[in-house]
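Peer 1: fold the following for me, if possible:
(chains A and B)
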Amino acid sequence: MDTIYALSSGGLPSGVAIIRISGPRTREILTATCGSLAEPRHAALVPFRNLGNGEELDRGLCLWFPGPASFTGEDCGELHVHGSRAVVQALFASLSGAGCRPAEAGEFTRRAFANGKLDLTEVEGLADLLAAETEMQRRQAAQQASGALSRLCLAWRERLIGLRAEVEARLDFSDEDDVGGETLPLGFVDELRRLTDEVKRALAAGSTAERIRNGVRVALLGRPNVGKSTLLNALAARDVAIVSEEAGTTRDVIEVPLDLRGYPVIVFDTAGIRETSSAVEQEGIARGRRVAANSDLVLWLVDGDDDDPAPELGEVPCWRLQTKGDLKAKTAPSDISISAASGQGMSELLDRIEEFARSVSPPTNEAVFVRERQRRVLADLSETLQLCVAGSQRSDEVLAHLLRQATDCIGRLTGRVDVEAVLDRLFMEFCIGK
Amino acid sequence: MSCNPAIGGLGKGHLVREIDALDGLMGRVADVAGIQFRVLNRRKGPAVRGPRAQADRRLYREAMQAAITEQENLTVVEGEAADLLTVEGKVAGVHLADGREIVCAAVVLTTGTFLRGLIHLGEKTTPAGRFGEAPALGLSDTLARAGLRLGRLKTGTPPRLDGRTIDFPSLERQRGDDPPEPFSALTKSIDTPQVDCFVTRTTAETHRVIQENLHRSAMYSGRIEGRGPRYCPSIEDKIVRFADRESHQIFLEPEGLDDPTIYPNGISTSLPEDVQLRIVRSMPGLERVEVLRWGYAIEYDHVDPRELGPDLGCLKLPGLYLAGQINGTTGYEEAAAQGLLAGLNAARRAGDTDPLILSRADAYMGVMVDDLVTRGVSEPYRMFTSRAEYRLSLRADNADQRLTPLGLAAGIVGEERQRVFEVRTDALKATSAHLRELSLTPSEARRNGLAVNQDGVRRSAYDLLALTDMTIAKLASVWPELGDIPADIAGQVETDAQYAVYLDRQQADIEALRRDEQLTLPAELDYSGIGGLSNEIRQKLSTVRPATLAQAAAMEGMTPAALTRLLSHVKRGQHVRFADAG
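Peer 2: Residues are numbered from 1 along each chain as shown, chains lettered A, B, ... in the order given. So this is what the prediction gives:
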């Protein structure tokens, strides 16, 4: 097994950079680099030396995590160094020279998983963490990695066990005084409904999570030459679309991912909407409308002197933007007046897009379900629970059967629910025993 | 029978029907000896209905002994089994206490509560197998010598009351079903006279007496090391653990037609005699009751059932089969079901034939044996319907359809049952086929008063049975010939039709289970060498050492991801590699 290293903090330069090392030679490498080895899991201020010639490269903190109580389950270490490219590159060269190799993408996670340090939901969260480009995505990924999803599922699992205990008691111990009447208590149906609603909501929150992973989709729509591409360029602060005075320059849909104050936003610049005889441009317009319909937000751009009605886009919110605010007097009603050229109204627009992005992103304290596998399990669970709600009026044994299926669903995420767990709960809550 | 002379009940009734389907004796004998029959859970659905009978202790014993005596090719030898004879690590016979030796190829050992049995009654302890009988001391050593892990369990029994001193007219009466429904497919009618049971309750005075004397209970003074069942606690346990309950129901069940003994179901206790008397006399109707025999707790040895294979044979001592309480179970029905399987497989071993192994998808018997041999026990094991994952398929009403063909193939089903089984099977098939042939349009249905969607789709009579509350009897208003179908045939076909949607899906699960059961895991598998398993699962696997993938899948906390990892490890026989976790 190779000893691997990687920069585990963000891009350089930065205040502090963290180099993570994992593998069987970690102890030896750390001792040689730092001159000594601090107590496990305690930070020590040490010099970092080149493993080849002993030259001091930097001073910083060293952390030593002996396996298996480490992130990967192997011996692990962290060097907190000053985040200059030169320092980091020098340390990398020193580590490579000593026979370590740079980690492949996700290799730390894979080792952790192979050593049983992470469950699948945690690993999937970490896979997102590795790909996270923006702060919001990083936060969401970190939240999942810390097991927010696991905790939510475990809580549901416990509640399902409680519901099953209630029904199973009525089947296996109906001759017991303590188990009670023919019909299920009112609280049972309420709890079943509450749980069903929660799962449904989490499933819906899952689609919000998809959005944060990919970014909030904002489409720019408007007549030719109204200034869509100019606005896009101003948002991206670089020339991405062709801007010209000739109407109809943007024939295809241009897609630009942006980091808008920490929120991932994808802006779509579409062909101008107008009657045209050019087949290419017609196709461009059709695509533009499709993109707009699939967006989270449409910016309908109008010239200052124009009072065009916005196109019919169903439920997608649409803001009316008066462009070229510096060139023309405001005559028609609009939400915001901007001038990409002078920068007028741009900061108001950015504020409002940020606010919008926040409103459609999931609350940060709620675990969300980002992976297709999890989504499918939750969809199954939600469907089965809805059958339970519908079936709670039918025979108890059918309800019990459906609840068993529901626990089987959650078991696919959290581990199987054995009937012993149900019986434990049952014997705790009911006095059984003639 | 040393406990309550009752047969069947929830979960247990299924076992009795299964025993009967394999031509075992329990159901037939209970039909002769039963003095009150009730089907429990009638309104909860056909899959959880449990037939139960209160039996006359003497009639049961006589009928059982007569049936055993009548059995061809069976010789009964009475004596105390003191030791096993072994040759080259295999069982070769039994050594009796009086010096006799019986040489044989296989032995079934059923020790009940006799293995190092120890009775606790208040402050007194007495070595005993059950009340008034000596314990078996030598056999525990024999088993330990064979390297079998032993455990210790505890159970209890209530005081027996003299019915002549009970004020029955003042008590709530519990009647049996009329007409009584027999256990056995071979029983045409119940001819034994039927009696009622009665119900009384514990009072505040009962609870006070128990509270004040807890320190004198064997259970609460720390003298008992064995673990008792959660579902059959002593009355001391109930008062302590459920202190908020003001009263507990106590059933007064007669032990026989011409026997005054009353079994008070619900007050198992190990308190001393004087306290027991005050307890029973604190209950309505029992103010002047006399006690015929005191209640007690009993501790006994059992073998860790994980020492057994799915044929109930000992892995470490080939030729030795164990059944009943020695395997950590409780209850007559559980014991009888194991006895049948162990006996059958012992005979098959002697005759050099492969064992008959029942799966969790075949029978409650299969569920029980699989639970025992893969999980072991931490309390006396009792059958519950919730233990059966294919509960909607494993019903008491179709036990014969599930098991009699297996019994016929194994040669343990007699001619009479074969005939009855074939007649019934033909009737079931003919009825289903006939119902599928009859059909009507939605408007015809409406004219006949049947509420179906007016969607123009023709429905068969079988399809119509899936409607809520539909019965064959109701369909007879459309097709009068359906009125002639016997009730038991109609009932089973109705259930199959109503549950078709669930049974189809369950069938798919069962097929997956059978595939997983075919996939055996090597006994020496090193779970620490399998990557991608959580430490918790790895540890569980190392302890349980499942024999098949199906057993691994059934473990608490198992995930599909962990199963996949296990599977690919076993299939490749090397360290598992996997794609990027994303």
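Peer 1: so where do the strands sit in the stretch 251-400 of chain A?
Peer 2: Using DSSP state E, counting those that start in this stretch, the strands of the stretch 251-400 of chain A run over residues A:254-260, A:263-269, A:297-302, A:318-322, A:336-337.
Peer 1: reformat those strands as a markdown table; add mean pLDDT.
Peer 2: Converted to a markdown table, those look like this (pLDDT from 0 to 100):
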| stretch | mean pLDDT |
| --- | --- |
| strand A:254-260 | 75 |
| strand A:263-269 | 80 |
| strand A:297-302 | 87 |
| strand A:318-322 | 85 |
| strand A:336-337 | 81 |
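Peer 1: the ones you listed: which one's closest to residue B:13?
Peer 2: strand A:263-269 (61.8 Å; CB to CB). The C-beta positions use only the backbone N, C-alpha and C, and glycine is treated the same way.
Peer 1: got the angle for the closest one vs strand A:254-260?
Peer 2: 150 degrees (axes from the mean of the first three to the mean of the last three CA atoms, to 10 degrees).
Peer 1: tell me which other helices or strands strand A:263-269 touches.
Peer 2: helix A:135-145, helix A:186-214, strand A:216-222, helix A:228-236, strand A:254-260, helix A:279-293, helix A:346-360 (3 or more CB pairs under 8 Å, 6 or more residues apart in numbering or on different chains; DSSP states H and E).
Peer 1: give the contact list for the closest residue to chain A within the stretch 101-250 of chain B.
Peer 2: Residue of the stretch 101-250 of chain B nearest chain A, by CB to the nearest CB: residue B:249 (3.7 Å). With contacts defined as CB atoms under 8 Å, 6 or more residues apart in numbering or on different chains, the neighbours of residue B:249 are A:177, A:434, B:199, B:200, B:201, B:266.
Peer 1: tell me the contacts of residue B:303?
Peer 2: Each residue near residue B:303 by CB under 8 Å, 6+ apart is listed here: B:143, B:148, B:149, B:150, B:151, B:314, B:322, B:326, B:327, B:328.
Peer 1: need the phi and psi values for it.
Peer 2: Phi and psi for residue B:303, reported as degrees, to the nearest 10, are phi -90, psi 140.
Peer 1: please name the nearest non-neighbouring residue to it.
Peer 2: residue B:148 (5.1 Å; CB to CB, 6 or more residues apart in numbering or on different chains).
Peer 1: reformat the helices and strands packed on strand A:263-269 as TSV; add distance to residue B:243 and mean neighbour count.
Peer 2: Output for those, formatted as TSV (distance: least, CB to CB, whole Å; neighbours: other CB atoms under 10 Å in any protein chain shown):
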stretch	distance to residue B:243	mean neighbour count
helix A:135-145	43	20
helix A:186-214	22	17
strand A:216-222	58	26
helix A:228-236	69	22
strand A:254-260	62	17
helix A:279-293	65	17
helix A:346-360	52	15
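Peer 1: quick one: closest of these to residue B:288.
Peer 2: Using CB to CB as the measure, helix A:186-214 is the one of the helices and strands packed on strand A:263-269 that comes nearest residue B:288, at 43.1 Å.
Peer 1: quick check: mean pLDDT across that closest one?
Peer 2: For helix A:186-214, mean pLDDT rounds to 80.
Peer 1: buried residues in whatever helix or strand residue A:423 lives in?
Peer 2: Per DSSP states H and E: residue A:423 is located in helix A:419-429. Residues of helix A:419-429 classed as buried by neighbour count (16 or more other CB atoms under 10 Å in any protein chain shown): A:419, A:421, A:422, A:423, A:425, A:426, A:427.
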